[in-house]
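[1] I'll drop the sequence and a predicted model, then ask my questions.
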Amino acid sequence: MANRPKKLLVVAHSLSSGGAERFASTLLCHLSRERFSPELCLIKPNVTYPVPTDVKVSSLDKQHPWDLPRSILRLRHLIEAARPDVILSTITYASQITGTALTGCACRPRWIGRYGNNPSLEKTGLARLANDSWSKRSHRRMDLVVANSKGLAAGLEDYYPHLRGRVRTLYSPVDFSRIERLSREPAALTNDGRSPVILSVGRLIRQKRLDLLIECFSRVQARHAARLWICGEGPERSALERAIVQRDVRESVNLLGFQDNPFSVMRQASFFVLTSDFEGLPNALIEAQGLGLPAVSTRCPYGPDEIIEDGKTGLLTQAGDVDEITESIQSLLSAPAALKRMSNEAQRLARARFALDTVLQQWEEALLA
């Protein structure tokens, strides 16, 4: 049995609407079946991203905070029944639940915990203290800690000094062939061609600072005819709808909601904008660059400066700086020749840096170690 595929259990929050979720889907779709026999456990049973038919899917069915003890117990029982060789938890909360489930577990698989966001900025106050305490207990059991960007890896070691020397950077593999194919399907909204489209894709949460993007766009409209499309859903929708009314941009801003296929929308855009206060390595930005979209992005911690080459594939700005972001958007709208050059370079560099084959091989080696 020495040559049998390794049994891999992937523990994810869900498989819908997020970078960590898309990462899990891509990994499960493309891992070598000669080397791995994968299984998926979801904390919440939400699935919109592809899952291969040969992957068994289990759910902890956590719907409310009081479900947590039951969910941990369910995961412990699953681990004991499946007896995986290796566990991969894809996001902080999944790692916290996994670490607790492994306490007192009858088997002890190798465990890789992946971080995809900046832990120092995710929560505040008592919630942050509790979250940090839970994470630190989990770290003691992790065999490998993975960050999805070099900046996040360094940030993790600064924020959690006990992790120094234990964090490895592994980018998320991106299936550009699939993205290219999906980009040619019918879109939820069609550009009439009369005005350039500025696009942003991401959850409607405070971290993404889409309120700031709407403010910047309202200033841009004073000088340039353009449209702003925002793909995503989340708790900030009502606040963003009010901001659109207050800024008097209802005729030119569309909140498109969550899109199963955002790539057909991306195909119609002139460039991409990301205004986040913090990130890990924004998948939507990589995907947009891979489709040839130049980008204006905040140089937030972490990730955009590992994706964009400033002045070559896009423009980096100070996080939260409305004037600088507005000026950068206006400069791209005013320079079609520069946009074309950036488009070609963005596609070339993104597809080289985050190519599925290269990054997937690195992940397989980490899982087999």
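    Cool, got the structure.
[2] alpha carbons only for contacts and neighbour counts from here, please
    OK.
[3] Do me a favour and get the end-to-end distance for stretch 279-292?
    Stretch 279-292 has an end-to-end distance of 21 Å (CA to CA, to the nearest Å).
[4] How far does the least confident helix or strand in the chain by mean pLDDT sit from its chain's centre?
    In the chain, no helix or strand scores lower on mean pLDDT, DSSP states H and E than helix 119-122, which sits at a mean of 82. Mean-position distance between helix 119-122 and its chain equals 15 Å (CA atoms, centre = their mean, to the nearest Å).
[5] Run through the neighbouring helices and strands of that helix.
    For helix 119-122, not one helix or strand is in contact under the criterion 3 or more CA pairs under 8 Å, 6 or more residues apart in numbering; DSSP states H and E.
[6] how about it as PDB, C-alpha atoms only?
    Taking Å, rounded to 0.1, in the frame of the first residue of the first chain, the C-alpha atoms of helix 119-122 are listed here in PDB:
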ATOM      1  CA  PRO A 119      -5.300  38.300  11.100                       C
ATOM      2  CA  SER A 120      -4.200  41.600  12.700                       C
ATOM      3  CA  LEU A 121      -7.000  43.400  10.900                       C
ATOM      4  CA  GLU A 122      -9.900  40.900  10.600                       C
END
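[7] I'd like to know which elements the very next helix or strand once past that helix is packed against.
    Proceeding N to C from helix 119-122, the next assigned helix or strand is helix 125-139, under DSSP states H and E. On a contact count with 3+ CA pairs under 8 Å, 6+ apart, helix 125-139 meets helix 92-102.
[8] Indicate each strand paired with the next helix or strand after the helix it packs on and its parallel or antiparallel sense.
    Next helix or strand after helix 92-102 toward the C-terminus (DSSP H and E): strand 110-115. In the sheet, strand 110-115 lines up against strand 86-89 (parallel), strand 144-147 (parallel) (DSSP bridges).
[9] What's the mean pLDDT across strand 110-115?
    Strand 110-115 shows a mean pLDDT of 98.
[10] swap in stretch 209-220?
    Stretch 209-220 carries an average pLDDT of 98.
[11] Other residues contacting it?
    For stretch 209-220, contacts defined as CA atoms under 8 Å, 6 or more residues apart in numbering pick out 204, 228, 239-240, 243-244, 247-249, 275-277, 320, 322-323, 325-326, 329-330.
[12] can you check stretch 106-113 too?
    Under the contact criterion CA under 8 Å, 6+ apart, stretch 106-113 has outside partners 79-80, 83-92, 95, 102, 141-146, 367.
[13] Where does pLDDT dip in the chain?
    Applying pLDDT under 70 to the chain flags the ranges 1-2.
[14] Show me which helix runs longest in it.
    Counting residues, the longest helix in the chain under DSSP state H turns out to be helix 336-353.
[15] I'd like to check the angle between the next helix or strand after that helix and strand 110-115, please.
    The C-terminal neighbour of helix 336-353 among helices and strands, as given by DSSP H and E, is helix 356-368. Here the directions of helix 356-368 and strand 110-115 differ by 130 degrees (axes from the mean of the first three to the mean of the last three CA atoms, to 10 degrees).
[16] Okay, buried residues for helix 356-368 please.
    By neighbour count on 16 or more other CA atoms under 10 Å, the buried set for helix 356-368 is Leu356, Val359, Leu360, Trp363, Leu367.
[17] My understanding was that the third one contacts Leu31; is that so?
    Yes: at 7.3 Å, Leu360 counts as touching Leu31 under the criterion of CA atoms under 8 Å.
[18] As TSV, the buried residues of helix 356-368 with distance to Ala350 would be great.
    Shown next, in TSV, are the buried residues of helix 356-368 (distance: CA to CA, whole Å):
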residue	distance to Ala350
Leu356	11
Val359	12
Leu360	15
Trp363	18
Leu367	24
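[19] residue boundaries of the helices in the stretch 251-369 of the chain?
    In the stretch 251-369 of the chain, the helices defined using DSSP state H, counting those that start in this stretch lie at 263-266, 283-290, 304-307, 322-333, 336-353, 356-368.
[20] Make a markdown table from these and add distance to Pro109 to it.
    Listed next are these as a markdown table, based on distance: least, CA to CA, whole Å:
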| stretch | distance to Pro109 |
| --- | --- |
| helix 263-266 | 38 |
| helix 283-290 | 29 |
| helix 304-307 | 33 |
| helix 322-333 | 47 |
| helix 336-353 | 31 |
| helix 356-368 | 12 |
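[21] Looking at these, spot the one closest to Tyr171.
    Closest to Tyr171 of these, according to CA to CA: helix 356-368, at 6.6 Å.
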